[in-house]
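Student: No sequence on hand, only this structure:
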């Protein structure tokens, strides 16, 4: 089974599970509470940044696909004169 790492790294549940796993281990090794709080803060800050980057990349990819699809449809439209003499599917300057 292949793991979708982009989806995993953008998941808040994944990062909360990671913090929930690491924090008790740090406490078990008698790491001071301030250090545990600092480490979990760093993990969550990194998670926020990673999720933002992946989400923006996804949105940008979707916008490129939509623009590409729009231009394909626009170019395939007929530019023949209609019964009253106007052309369809073109710009006013065509």
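Tutor: Great, that's in hand. Just so you know, these numbers come straight off a predicted model, no measurement behind them.
Student: and residue 30, helix, strand or coil?
Tutor: coil (DSSP: H, G, I helix; E, B strand; the rest coil).
Student: Check the spacing between it and residue 24 real quick.
Tutor: 12 Å (C-beta to C-beta, to the nearest Å). Using the backbone N, CA and C atoms, a C-beta is placed for each residue, glycine as well.
Student: Who has more neighbours out of the two?
Tutor: Neighbour comparison, residue 30 and residue 24: the larger count goes to residue 24, with 11 against 6 (by other C-beta atoms under 10 Å).
Student: Quick check: the gap between the more buried one and residue 31.
Tutor: Applying C-beta to C-beta, one obtains 11 Å for the distance of residue 24 from residue 31.
Student: Repeat that for residue 21.
Tutor: Distance from residue 21 to residue 31, by C-beta to C-beta: 14 Å.
Student: neighbour-wise, which of these two wins?
Tutor: For the pair residue 21 and residue 31, the greater number of neighbours falls to residue 31 (14 against 9), based on other C-beta under 10 Å.
Student: ok, the closest residue to the more buried one other than its chain neighbours - contacts?
Tutor: Spatially, and ignoring its direct neighbours in sequence, residue 31 is nearest to residue 39 (7.9 Å; C-beta to C-beta, 6 or more residues apart in numbering). Going by C-beta atoms under 8 Å, 6 or more residues apart in numbering, residue 39 touches 22, 23, 26, 31.
Student: Next SSE downstream of the helix or strand that contains the first one?
Tutor: Assigned by DSSP states H and E, residue 22 falls within helix 12-28. The C-terminal neighbour of helix 12-28 among helices and strands, as given by DSSP H and E, is helix 33-76.
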